[in-house]
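K.L.:
Here's a sequence, model it:
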Amino acid sequence: MYLTTDKKKEFFSTYGKSEADTGSAEGQIAMFSYRIAHLTEHLKKNRKDYGTQRALISLVGKRRRLLDYLKDRDIQRYREIIKKLNLRK
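P.N.:
From the prediction side, this is the model:
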């Protein structure tokens, strides 16, 4: 599998508070961004894979909702994660 436990711990330790803090919005946003990039590459090769297309749209929505939550709660953390992950606003 492309997203192993070690990879998840790396995301949460890099972007979250610690690798055990899996609930941090920044860590979840980083993990969703990684998964979105992976699914996007898959869909470039397999354009008729509609199940994956639906999952991708769902992930983008989840990431957007988390970003909106972070923007409402703490604008500074929102700006930092946008800058770190090179996401559009």
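K.L.:
where does this structure have its least confident helix or strand?
P.N.:
helix 5-15 (a mean of 88; mean pLDDT, DSSP states H and E).
K.L.:
so how far is residue 26 from residue 87?
P.N.:
12 Å (C-beta to C-beta, to the nearest Å). Every residue, glycine included, has its C-beta placed from N, CA and C.
K.L.:
what residues does stretch 23-38 touch?
P.N.:
With C-beta atoms under 8 Å, 6 or more residues apart in numbering as the contact definition, stretch 23-38 has outside contacts at 2-3, 7-8, 11-12, 14-17, 21-22, 56, 59-60, 62-63, 66-67, 69-70, 77, 80-81, 84-85, 87.
K.L.:
rerun that using 7 Å as the cut-off
P.N.:
With contact meaning C-beta atoms under 7 Å, 6 or more residues apart in numbering, stretch 23-38 is reached by 2-3, 8, 11-12, 15-17, 21, 56, 59-60, 62-63, 66-67, 69-70, 77, 81, 85, 87.
K.L.:
pLDDT at the residue nearest the centre of the chain, what is it?
P.N.:
The centroid of the chain falls nearest to residue 32 when counting by C-alpha atoms, centre = their mean (2.1 Å). With respect to pLDDT, residue 32 scores 94.
K.L.:
Count the residues that sit near the residue nearest to residue 60 when sequence neighbours are not counted.
P.N.:
Distance criterion C-beta to C-beta, 6 or more residues apart in numbering; nearest residue to residue 60, sequence neighbours excluded, is residue 36 at 6.2 Å. Residue 36 has 18 neighbours, counted by other C-beta atoms under 10 Å.
K.L.:
Mind telling me what element residue 36 is part of?
P.N.:
Using DSSP states H and E, residue 36 sits within helix 25-45.
K.L.:
quick one, that helix and helix 5-15 angle?
P.N.:
Angle between the axes of helix 25-45 and helix 5-15 is 130 degrees (criterion: axes from the mean of the first three to the mean of the last three C-alpha atoms, to 10 degrees).
K.L.:
Let the chain start at 189 from now.
P.N.:
In the new numbering, first residue 189, that becomes helix 213-233.
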